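> I'll drop the sequence and a predicted model, then ask my questions.
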Amino acid sequence: MNTDTRITSLHGRQIFDSRGQPTVEVDVVLNGGVRARASAPSGASTGRHEAHELRDGDPFAYAGRGVLQAVGHVDGEIARALSGCDAADQAMIDARMRELDGSDNLARLGANAVLATSLAVCRAAARARRMPLYRYIASLTGNDDLSLPMPMVNILSGGAHAGRSMDLQDFLIVPVGADTYATALQMALAVRQSASLLLAARGLPTLLADEGGLSPGCKTAAAALDILTEAIVAAGFKPRRDISIALDVAASELFVDGAYELRNEERRLSSREMMSMATHWLQDYPVISIEDALHQDDWEHWTQLTSAATNAQLLGDDLFATKVSRIAHGIDLGAANAVLIKLNQNGTLSGTLDALAEARRGGFATVVSARSGETEDTFIADLAVGSGAGQIKIGSVRTSERMCKYNRLIRIAEDAALPFSGMRRFGGTSTR
């Protein structure tokens with residue numbers, strides 16, 4: 001192989017994600033002989049501001065979820081547009097695909113087609129340069145502050161990830177007392193096992209949700225928080241000192257006709273009541289991070305909650321949708337203090353790197369995140385390290401599409417020059 005990084009060919013295919021649903025995978029070949037592959041994830045709980053995932057809509061094939069149109073765009077328009085282009089010019093590659101699409105959310109070609117291509121091109125360029133992917137990603141932005149991220153690990157699941165068995169979507173742990181990535185992972189595995197044994201002893205379900213979390217079907221958030229706190233203690237750890245809790249409310253999924261429907265609790269809450277409930281969790285439980293506590297367009301109450309809960313990480317997912325313009329708006333308003341980063345919300349690697357940079361400009365923490373529908377692609381592990389994001393949210397420590405990413409970080413950790421982020425890049429004044 002030589003280092004000629006001009007693109008020779010692109011080939012797309014329909015593969016299947018961790019939920020058995022179709023997604024797009026792309027192979028790229030460079031003139032120098034380098035080959036690389038990447039695939040697009042897919043979400044279950046999706047916000048209205050995300051880039052558009054193109055589906056075929058044929059009810060007789062995968063319930064309309066097929067992606068053959070998107071694959072056709074890779075093999076056709078995208079391949080022709082990128083033929084001969086330099087894979088080492090990531091910004092140009094991504095800009096050309098956006099221009100080719102012509103919409104503001106990649107609706108015509110499909111963000112799944114564009115993203116899989118964008119990531120495959122990046123991986124090919126890194127291989128051609130004989131650089132680890134995380135170091136190549138760092139070189140794209142001039143980042144010299146690489147670090148191993150603090151994992152935020154899913155233990156209990158509800159919401160769209162578990163058939164609405166609980167109102168809140170995810171109950172996660174953060175190994176705040178860990179001083180290395182390996183220790184953080186070991187602590188997470190211990191709590192996951194402890195929670196499984198605890199649920200089984202109580203005769204509660206231990207079925208797996210989409211991201212590998214346990215789905216006990218607790219009627220209230222408080223009941224789930226009690227179980228998770230007990231599991232932390234049973235695993236031999238002290239809440240807050242060793243391990244804290246993070247919540248993903250996914251409030252946009254609960255918002256119906258102007259109020260938040262907690263169907264399992266049989267309650268409808270206003271925005272102010274949701275804020276009060278979030279404050280209660282922060283005071284009464286070892287909770288240090290709350291994601292999407294309010295719906296995606298409720299800027300007013302997001303700002304009020306951020307002012308009131310300065311000691312917590314208030315993480316925006318649907319609120320920001322990995323878009324620079326929305327992150328900038330949040331910075332201006334003081335809404336949230338952390339941004340969830342999802343590649344397929346944005347649609348290109350360059351756009352995602354821009355979103356990370358904008359969050360950093362505003363002093364917001366960043367959490368690189370997987371989706372509920374994942375593949376064996378480990379790109380986000382390298383992205384979290386190369387961007388110096390500081391935190392990563394992969395899912396639970398179960399199932400291969402999750403563990404391959406945790407294992408990728410184990411391999412990257414063998415680079416002794418990389419520090420562990422720990423809590424220094426967490427949002428909220430009391431956690432850094």
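Thanks, I have it. Keep in mind the model is a prediction, meaning the values are calculated, not measured. Numbers count the residues shown, from 1 in each chain.
> Just the terminal-to-terminal distance for stretch 234-249.
25 Å (C-alpha to C-alpha, to the nearest Å).
> Okay, domains of this protein per the record?
Per automatic domain parsing, the structural domains of the chain span 7-130, 150-412.
> Dump these to JSON lines, plus distance to residue 419.
C-beta: built from backbone N, CA, C; applies to glycine. Output for the domains of the chain, formatted as JSON lines (distance: least, C-beta to C-beta, whole Å):
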{"stretch": "domain 7-130", "distance to residue 419": "22"}
{"stretch": "domain 150-412", "distance to residue 419": "10"}
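> Can you tell me which of those is nearest to residue 138?
domain 150-412 (4.2 Å; C-beta to C-beta).
> what about the spatially closest residue to residue 170 that is not a sequence neighbour, how many residues close to it?
Of all residues not flanking residue 170 in the chain, residue 248 sits nearest, at 3.9 Å (C-beta to C-beta, 6 or more residues apart in numbering). Residue 248: 27 surrounding residues under other C-beta atoms under 10 Å.
> Return the residues in contact with the residue nearest to residue 145 when sequence neighbours are not counted.
Ranked by C-beta to C-beta, 6+ apart and with sequence neighbours excluded, the top spatial neighbour of residue 145 is residue 388, at 4.5 Å. Going by C-beta atoms under 8 Å, 6 or more residues apart in numbering, residue 388 touches 138, 143, 145-147, 421, 425.
> Would you mind measuring from residue 388 to residue 353?
11 Å (C-beta to C-beta, to the nearest Å).
> residues shared between the contacts of these two?
Joint contacts of residue 388 and residue 353 (C-beta under 8 Å, 6+ apart) do not exist.
> what pLDDT does residue 425 get?
Looking at residue 425, its pLDDT is 92.
> could you measure it against residue 392, distance?
Taken as C-beta to C-beta, the span from residue 425 to residue 392 is 11 Å.
> what is in contact with the two at once?
Common neighbours of residue 425 and residue 392 (criterion: C-beta under 8 Å, 6+ apart): residue 150.
> quick one: contacts for residue 56?
Contact analysis of residue 56 by C-beta under 8 Å, 6+ apart lists 62, 64-69.
> now with 7 Å?
By C-beta atoms under 7 Å, 6 or more residues apart in numbering, the contact set of residue 56 is 64, 66-69.
> ok, of those residues, which one's closest to residue 213?
The nearest member of these to residue 213, counting by C-beta to C-beta, is residue 67 at 26.2 Å.
> Check the burial of the closest one by counting its neighbours.
Close neighbours of residue 67, defined as other C-beta under 10 Å, add up to 29.
> Settle this for me: it is touching residue 112, isn't it.
Yes: applying C-beta atoms under 7 Å, one finds residue 67 in contact with residue 112, separated by 6.1 Å.
> got any residues that touch both of the two?
Both residue 67 and residue 112 are in contact with 23-24, 54, where contact means C-beta under 7 Å, 6+ apart.
> and which of the residues you listed is nearest to residue 210?
Within those, the smallest distance to residue 210 is 13.9 Å, found for residue 23 (C-beta to C-beta).
> Does that closest one lie in a helix or a strand, and which?
strand 22-30 (DSSP states H and E).
> what packs against that strand?
Helices and strands touching strand 22-30, by 3 or more C-beta pairs under 7 Å, 6 or more residues apart in numbering; DSSP states H and E, are strand 7-16, strand 35-39, helix 111-128.
> got the buried residues for stretch 150-164?
150-162 (16 or more other C-beta atoms under 10 Å).
> now it, how far from the centre of its chain.
Computed by C-alpha atoms, centre = their mean, to the nearest Å, the chain-centroid distance of stretch 150-164 equals 12 Å.
> In the chain, which residue is most central in space?
Nearest to the mean C-alpha position of the chain, by C-alpha atoms, centre = their mean, lies residue 369 at 1.6 Å.
> ok, and the closest non-adjacent residue to residue 153?
Spatially, and ignoring its direct neighbours in sequence, residue 153 is nearest to residue 188 (4.1 Å; C-beta to C-beta, 6+ apart).
> Can you tell me what sits against the host helix or strand of the one you found?
For residue 188, the host element (DSSP H and E) is helix 181-201. Here helix 181-201 makes contact (C-beta under 7 Å, 6+ apart) with 148, 150-151, 153, 155-156, 173, 175, 178, 206, 214, 216, 227-228, 230-232, 234-235, 237, 243, 396-397, 406, 409, 413, 420.
> Just the buried residues of those residues.
Buried, going by 16+ other C-beta under 10 Å: 148, 150-151, 153, 155-156, 173, 175, 178, 214, 216, 227-228, 231-232, 234-235, 237, 243, 396-397, 406, 409, 413, 420, out of the contacts of helix 181-201.
> Same list, the buried residues of stretch 150-164, but as JSON lines with distance to residue 43 please.
What follows is those, written out as JSON lines (distance: C-beta to C-beta, whole Å):
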{"residue": "150", "distance to residue 43": "22"}
{"residue": "151", "distance to residue 43": "19"}
{"residue": "152", "distance to residue 43": "17"}
{"residue": "153", "distance to residue 43": "19"}
{"residue": "154", "distance to residue 43": "14"}
{"residue": "155", "distance to residue 43": "20"}
{"residue": "156", "distance to residue 43": "19"}
{"residue": "157", "distance to residue 43": "14"}
{"residue": "158", "distance to residue 43": "16"}
{"residue": "159", "distance to residue 43": "12"}
{"residue": "160", "distance to residue 43": "9"}
{"residue": "161", "distance to residue 43": "10"}
{"residue": "162", "distance to residue 43": "14"}
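> In strands, which of these appear?
Among those, the ones falling in strands (DSSP state E) are 150-157.
> For these, work out which two are farthest apart.
The distance between the two most remote of these (C-beta to C-beta) is 20.2 Å, for 150 and 157.
> re earlier: and residue 425 and residue 392? Which one has more around it.
Between residue 425 and residue 392, counting by other C-beta under 10 Å, residue 392 is the more crowded of the two (27 against 21).
> Am I right that the more buried one is in contact with residue 148?
No: Residue 392 lies out of contact with residue 148 (C-beta under 7 Å); the separation is 9.0 Å.
> mind checking how far residue 293 is from residue 169?
Per C-beta to C-beta, residue 293 is found 12 Å from residue 169.
> between the two, what contacts are shared?
The contact sets of residue 293 and residue 169 overlap at residue 249 (C-beta under 7 Å, 6+ apart).
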